[in-house]
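Asks: Take this sequence and fold it.
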Amino acid sequence: MVQTRFIHAVALLVFSIVMSPVSGKAAGDVIRGKFVLDAIANCENPPVQNFPVHSEGTASLSTDRSARLDLMSNVSGAVQYNAKLGGKPTEAPEGSASLHVVGRHTLQAIRDYPNNIQVVNMTIIGHSCSLKIENRLKPGKHQYTFHTAIGLAYCSKPQVVKAECSVIH
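Replies: Okay, here's the model as predicted:
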């Protein structure tokens with residue numbers, strides 16, 4: 001379903017940046033974070049209107065740059081992801097995903113779809129964590145696309161109503 005793939009895409013992006021290695025921990029420690037995301041899905045194909053999506057999870061980054069996400073969503077149930085921080089964009093359904101350090105305290109995750117790019121920035125300073133999610137259409141495109149189990153979904157701009165993160169000590 002479109003809701004499942006939308007929340008997975010957002011969760012993967014959030015996951016990619018929750019593990020910022022700038023939380024002040026010693027180099028040998030594992031960095032942990034948690035997030036909560038609420039969004040509204042509105043799509044033309046398949047037809048889905050005002051569907052509330054709630055997701056929350058925890059993520060960790062190890063010193064070997066391996067990362068793990070445990071996600072619970074009202075759409076997909078429990079899901080676990082494993083990844084490596086850094087490197088070239090990796091292939092993802094209907095596009096690619098990448099993670100970049102964009103400042104001393106900020107990581108950026110990018111999910112590239114056929115019609116749009118989803119950008120997630122997470123900033124961690126001390127015990128403070130902020131999360132910003134942007135969805136941008138590519139030039140000449142008019143609908144957002146997201147991968148689903150039945151192919152591409154064509155949607156209006158996703159409405160993120162809540163995006164919070166915190167550092168787990």
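
Asks: Residue ranges in this protein under the pLDDT threshold?
Replies: Where the chain drops to pLDDT under 70, the residues are 1-31, 61, 65-67, 69, 75-77, 79, 81-87, 100, 149-150.

Asks: Helices along that one, start to end?
Replies: Taking DSSP state H as the criterion, the chain carries its helices at 2-18.

Asks: can you give me the strands for it?
Replies: Remark: strands assigned in the chain by DSSP state E are 31-45, 48-61, 66-73, 77-84, 90-92, 95-101, 106-112, 116-125, 128-137, 144-148, 151-155, 159-168.

Asks: and the first one, what other elements does it pack with?
Replies: So the one you mean is strand 31-45. On a contact count with 3 or more CB pairs under 8 Å, 6 or more residues apart in numbering; DSSP states H and E, strand 31-45 meets helix 2-18, strand 48-61, strand 151-155, strand 159-168. Using the backbone N, CA and C atoms, a C-beta is placed for each residue, glycine as well.

Asks: Mind listing the strands the last one pairs with, and their directions?
Replies: Partner strands for strand 159-168, per DSSP bridges, with pairing direction: strand 31-45 (antiparallel).

Asks: Report the angle between the partner strand and strand 48-61.
Replies: Comparing the axes of strand 31-45 and strand 48-61 via axes from the mean of the first three to the mean of the last three CA atoms, to 10 degrees yields an angle of 160 degrees.

Asks: how far out from the middle of the chain is strand 31-45?
Replies: Centroid displacement of strand 31-45 relative to its chain, using CA atoms, centre = their mean, to the nearest Å, is 8 Å.

Asks: before we move on, the earlier item: can you tell me which of the strands of the chain is packed in deepest?
Replies: Mean neighbour count (mean count of other CB atoms under 10 Å) peaks for strand 144-148 among those, with a mean of 23.
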